[in-house]
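>>> Generate a structure from the sequence data that follows.
(chains A and B)
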Amino acid sequence: MDETHLKIFIKGTTNYFGQIAREAAEIGTPYLKEDNDNVILDYSAVIGISGSYRGCVYYTAPKEMIRKLIIHMGEHNADDALCADFVGEIANTIAGNAQEELGAGFMISVPIVLAGNPGSVRFPKDAPTFVIPIIWQGNKSYLLICVGESITA
Amino acid sequence: MAVSFVASLYGIFHYSNILRHELEQHGEVRTGAVLVRTMDARWIAFLGSIEIARRDGQPVGDIIKDLKGYVTLSNDLFKAYIIAAPVKTITGRTLNIRPVNTPVGMSVAQELQSIWSPLEVKIQAILQNGENQNPEQLAEALAYAQKHSKRVIEISDILSGEENIYRDQRMAGPIIMRYILVSYLTAVSVLLIPIIFLMGRIRKSNTALEESAALLNQKNAQLAEDTRKIEEAKRESDVIMETVQEGLLLIDVKGVIGAQYSRELERIFRMENLAGFNFLNILQRVLTEKMYNTTRDYLGLLFDAKRKEKQILKVNPLDVVEVNFSNPEGGFITKYLGFTFRRVVEAGVVTRVFIGVGDITARVTLERELRQSELKKEKQFDLLLGILHIEPKQVQEFIETAKKDLLEITTTLRAEDFAAASAGKIDELRDRLNVVFRCVHNIKGNASYLKLIYFQKTADEFESKINQLRNRPSLTGDDFLSIVMAQSDLRNDVEELDEIRSKLGELRIGGGDSTELFKNSDRNGNATQTREDELIVGLRGLVTDIAQKTGKSVRLEAKDFNAESFRSDHRPLVRDVLIQLTRNSMAHSFELPSERTKVGKGSEGVIEIKPTKHEESGLNGFLFRDDGKGIDIGKVRERAISQGLITPEDAQRMAETELAMLIFTPGFSTADEVTTEAGRGMGMDIIKEKIIDECGGEITVSVEPGKHCTFGIFLPN
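Numbering: from 1, shown residues only, chains lettered A, B, ... in the order given. Modelled structure (predicted):
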């Protein structure tokens, strides 16, 4: 996976905030996840990727940010269940956008939403994990991308 | 018994019918007798009416018409008492008259006929006369009728009386019993004959049945044997289907899976009861859209009998295919499957396709691991060749330093304090970029020092990417993606080098004295001196290497320099600084031999490194002196003004030493072009940052333009 591919995921994220939340998100400086880094906030959604590429995409955000986003979209009853669904939806939209860009050889799984801090999320070892901070209205969330090329791709 | 009972019932039923019939006929015979009595009065009345009408001159047509009806009735009625016949009355009623078979009855019936016959002749003549009636004929007929009138009435009474007698005779017991017997026998015959016939047939059938039963038993035995064989074959087939380690199935032209398939197929596709499922639908769940479309088209070709099977099988797209099953715990479970296909042709038509599916995950994974291992070995072999000339400890130091620098890049990029204002944000990003550059530059310097060409080149390419960003008017977070990608690659390389070092270290430990390579440089032959010389030897190598590349001639002298005199945590920094200063001197200070000769210098330049202490602070340090042209103060001034670091007025006011200190400004360079050795404008600022900002040390610069340049580096004890 090269820079162009990573940009597809980032574009999907900024588009989501630009179109759905009607306020663009900023991208912080991306960095490489170290083995001992544990980037998990209140709500997280993991999407498995397979096909021509393999790995996972992971979006994690603080509760405050998700609540703000939901309220910003006109829903004032932002309970825990809705927050969890919302994070899953964000991850799904990002991965779905990537699927459009990367073509029919790219498969995405149904998002698995994790509420609270589950400890850690396992990433494939044969590909680096890129951490991309997503800042919206001063709140920082993260998009983690760990995607390598498939064996038979 | 049953037959007798049925026959009796039939007889009783038949007897009651006879009684009813006898009574009905008796009534009709007596009614007929009454009609006979009225006939006489009718004839006289009609004949009298005709005579009156004739005399009065009235038409007789209607009377004649009515008379005709009574003539017919008289004929029928009188004959019926002789031979039984139905008689239709004037009102339309039908009477079933039969003879009264008593001697008197039969006699008077003949007498009545004899009375009527002459009268009928006379009346027929009157009827034929129509409106022209003959009064004589009328009178004669009327007289005849009147003459026999009394006897006709008597005959009528006799007939009634005789009928009663005749009825009583008919209803008597013997007659009834005869009827019952006849009925009984008839009923028995009706019932027994078919039974007897059936019994005969049954006897014949029994024989045939016995023969058929024997044949059937034989056939059943054969069938049982065949069934046993089929069951045995099916059991064997089931065992094969249950145990075969390959998915086997048949699909029809619509892709529907047949009833028989191997158990392994369910395991492979993680589904049960696959019979009747559409094979393509199953594949759609686990293949990418692209591969699914290809497969669908391919199956279409397999069912097209016009296409040659051999050719189609050659282009099997599912020879090795990745399939992905949704994992309930998230993501996918990936398998690799290998499909084989064969047509089933019946009467020239491809009716089904046989498919074999194998789970080849283990094989594919192993092949991938082998492939990756080979690639890794190739790369590691190249890396190994690149470090064979280097002392393992130096390689280890390089790796540790590189890892530290790479981690610093991550720490810098990960920093949470993201500036709020846009303008500030760009500065923040530029600062981060500078830190990244310094780290990469340091790795490159160390690689250059150790002649790790691969890493030197990789780091140089990394620097180029950073430089592209530095030249951009604005920066955003995602601009750093190329940086992070390059960092990732470099980190992988360093980790691989570490792996090789680890393996090589083991070899060298078992291979004898690791300092053998450096004995020529070891004046005292002790371990400490060897350690010092390792650094100096490395620097000499760096000098030689750069000199060869640039066409310069330089010698390095390091009398009494001992890296061990610095704190252990400062020693890597001392090495980094010496490398950076050496590279800078080689790039910027030293002239080509011909130039040196022109200005009266020896053709060979000299770098001198010697230990010293800071005169005022007493800090431990060393002097690094080169006899090149030193810092080109004019160029520094010019570049500093052009880069906006100082104004022209500042430049006029500043002393040469002050101007020289500008080389420690981030991004400042006096090199005319970028090379792997210099020109990025980074390096001296790293020294300043590390020595002064991080360690609390000091730096001094002494320049005599055109003659020499001396840096003093001092670190806390």
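
>>> check contacts around B:G358.
B:245-247, B:337-340 (Cβ atoms under 8 Å, 6 or more residues apart in numbering or on different chains). Just so you know, the C-beta spots here come from the backbone N, C-alpha and C atoms, and that holds for glycine as well.

>>> Name the pair among those residues with the greatest separation in space.
B:Q245 and B:F339 (15.0 Å; Cβ to Cβ).

>>> Between these two, tell me which one has more neighbours.
Set B:Q245 next to B:F339 and count neighbours by other Cβ atoms under 10 Å in any protein chain shown: B:F339 wins out with 19 against 10.

>>> so where is the chain shaky, pLDDT-wise?
Since no chain was named, I'll use chain A. Across chain A, the ranges flagged by pLDDT under 70 are A:104, A:117-121, A:149-153.

>>> if you could check chain B rather than the one you did, that'd help
The model of chain B has pLDDT under 70 over residues B:1-12, B:14-15, B:173-184, B:187, B:189, B:329-331, B:416-424, B:505-533, B:667, B:669-683.

>>> could you say which helix or strand contains the residue located most distally from the centre of it?
Using Cα atoms, centre = their mean, the residue of chain B lying farthest from its centre is B:E136. It sits 121.7 Å away. Assigned by DSSP states H and E, B:E136 falls within helix B:135-170.

>>> ditto for B:Q311
helix B:309-314.

>>> Then B:L250?
Judged by DSSP H and E, B:L250 forms part of strand B:247-252.

>>> circling back to that earlier point, tell me who's in contact with the residue farthest from the centre of chain B.
Contacts of B:E136 (Cβ under 8 Å, 6+ apart): none.

>>> what residue is smack in the middle of chain A?
Using Cα atoms, centre = their mean, the most central residue of chain A is A:Y59, at 2.8 Å.

>>> you'd agree that one is in a strand?
Yes. When DSSP: H, G, I helix; E, B strand; the rest coil is applied, A:Y59 is found to be in a strand.

>>> Can you list phi and psi of A:Q137 for me?
Here is the backbone geometry of A:Q137 (degrees, to the nearest 10): phi 50, psi 40.

>>> And for the one 3 residues further on?
Note on A:K140: its backbone torsions stand at phi -110, psi 130 [degrees, to the nearest 10].

>>> neighbours around the closest residue to it other than its chain neighbours, how many?
Nearest residue to A:K140 in three dimensions, chain neighbours excluded: A:P133, at 5.4 Å (Cβ to Cβ, 6 or more residues apart in numbering or on different chains). A:P133 has 21 neighbours, counted by other Cβ under 10 Å.

>>> Confirm A:P133 sits in a helix?
No. According to three-state DSSP, A:P133 belongs to no helix; its state is strand.

>>> sorry, back to before: just the closest of the contacts of B:G358 to B:S474, please.
The closest of the contacts of B:G358, once distances to B:S474 are taken by Cβ to Cβ, is B:L337, at 50.0 Å.

>>> returning to what we had before: could you tell me how far the helix holding B:Q311 lies from the centre of the chain?
25 Å (Cα atoms, centre = their mean, to the nearest Å).

>>> Surely the residue nearest to A:K140 touches A:Y142?
Yes. Counting by Cβ atoms under 8 Å, A:P133 does reach A:Y142; the two are 5.7 Å apart.

>>> Quick check: buried residues in stretch B:32-51?
For stretch B:32-51, the buried set under the neighbour-count rule, 16 or more other Cβ atoms under 10 Å in any protein chain shown, comprises B:32-33, B:35-37, B:39-40, B:42-43, B:46-47, B:49-51.

>>> what about residue 89, neighbour count?
All of this is about chain A. Quick note: A:E89 (other Cβ under 10 Å) scores 16 neighbours.

>>> I was after chain B.
15.

>>> so how far is B:N324 from it?
106 Å (Cβ to Cβ, to the nearest Å).

>>> can you check B:D382 too?
35 Å.

>>> which one of these two has more residues nearby?
Of the pair B:D382 and B:N324, B:N324 is the one with more neighbours under other Cβ under 10 Å, namely 22 against 12.

>>> The closest residue to B:G258 other than its chain neighbours - how many residues pack around it?
Among residues not flanking B:G258 along the chain, B:L250 sits closest, at 4.1 Å (Cβ to Cβ, 6+ apart). Residues lying near B:L250 (other Cβ under 10 Å) number 18.

>>> Next up, the contacts around B:L250.
B:257-258, B:260-261, B:344, B:352-355.

>>> and these as JSON lines, adding distance to B:I641 and neighbour count?
JSON lines is the format used below for these (distance: Cβ to Cβ, whole Å; neighbours: other Cβ atoms under 10 Å in any protein chain shown):
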{"residue": "B:I257", "distance to B:I641": "82", "neighbour count": "20"}
{"residue": "B:G258", "distance to B:I641": "87", "neighbour count": "14"}
{"residue": "B:Q260", "distance to B:I641": "89", "neighbour count": "13"}
{"residue": "B:Y261", "distance to B:I641": "83", "neighbour count": "20"}
{"residue": "B:V344", "distance to B:I641": "87", "neighbour count": "13"}
{"residue": "B:R352", "distance to B:I641": "86", "neighbour count": "19"}
{"residue": "B:V353", "distance to B:I641": "81", "neighbour count": "19"}
{"residue": "B:F354", "distance to B:I641": "83", "neighbour count": "14"}
{"residue": "B:I355", "distance to B:I641": "78", "neighbour count": "21"}
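
>>> Please name the strands paired to the longest strand along chain B in the sheet, noting orientation.
When chain B is parsed with DSSP state E, its longest strand is strand B:332-346. Paired neighbours of strand B:332-346 in the sheet (DSSP bridges): strand B:321-326 (antiparallel), strand B:349-359 (antiparallel).

>>> Residue 113: what's it in contact with?
In the absence of a named chain, this looks at chain A. A:43-45, A:84-85, A:87-88.

>>> ah, I was thinking of chain B
B:78-79, B:82.

>>> And the residues you listed, which is closest to chain A?
The nearest member of the contacts of B:Q113 to chain A, counting by Cβ to the nearest Cβ, is B:K79 at 110.2 Å.

>>> Break chain B into its domains for me.
B:2-171, B:244-359, B:370-514, B:524-717 (automatic domain parsing).

>>> Spell out the residue ranges of the helices in chain A.
A:3-19, A:63-72, A:80-102 (DSSP state H).

>>> now the shortest one against helix A:3-19, angle please.
If I follow you right, that is helix A:63-72. Angle of helix A:63-72 versus helix A:3-19, following axes from the mean of the first three to the mean of the last three Cα atoms, to 10 degrees, is 50 degrees.

>>> Now do the buried residues in helix A:63-72.
Applying 16+ other Cβ under 10 Å to helix A:63-72 flags A:63, A:65-70 as buried.

>>> do stretch B:389-402 as well
B:390-392, B:394-399, B:401-402.

>>> Which two of those have the greatest separation?
The widest separation within the buried residues of stretch B:389-402 (Cβ to Cβ) is 16.4 Å, between B:E391 and B:A402.

>>> that older thread, could you check how far the longest strand of chain B is from the centre of its chain?
14 Å.

>>> That strand to strand B:247-252, inter-axis angle?
50 degrees.

>>> how about strand B:332-346 as CSV, C-alpha atoms only?
Taking Å, rounded to 0.1, in the frame of the first residue of the first chain, the C-alpha atoms of strand B:332-346 are listed here in CSV:
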residue,chain,number,x,y,z
PHE,B,332,-12.2,-11.8,7.6
ILE,B,333,-11.0,-15.4,7.7
THR,B,334,-9.0,-15.8,4.6
LYS,B,335,-8.5,-19.1,2.8
TYR,B,336,-7.0,-20.1,-0.5
LEU,B,337,-8.9,-22.5,-2.6
GLY,B,338,-8.0,-24.4,-5.8
PHE,B,339,-10.8,-25.3,-8.2
THR,B,340,-10.8,-27.9,-10.9
PHE,B,341,-13.6,-28.4,-13.5
ARG,B,342,-14.8,-31.1,-15.8
ARG,B,343,-17.8,-31.2,-18.2
VAL,B,344,-20.5,-33.8,-18.0
VAL,B,345,-21.7,-34.3,-21.6
GLU,B,346,-24.9,-36.2,-22.4
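
>>> residues of that strand that come out buried?
Quick answer for strand B:332-346 (16+ other Cβ under 10 Å): B:332-339, B:341, B:343.
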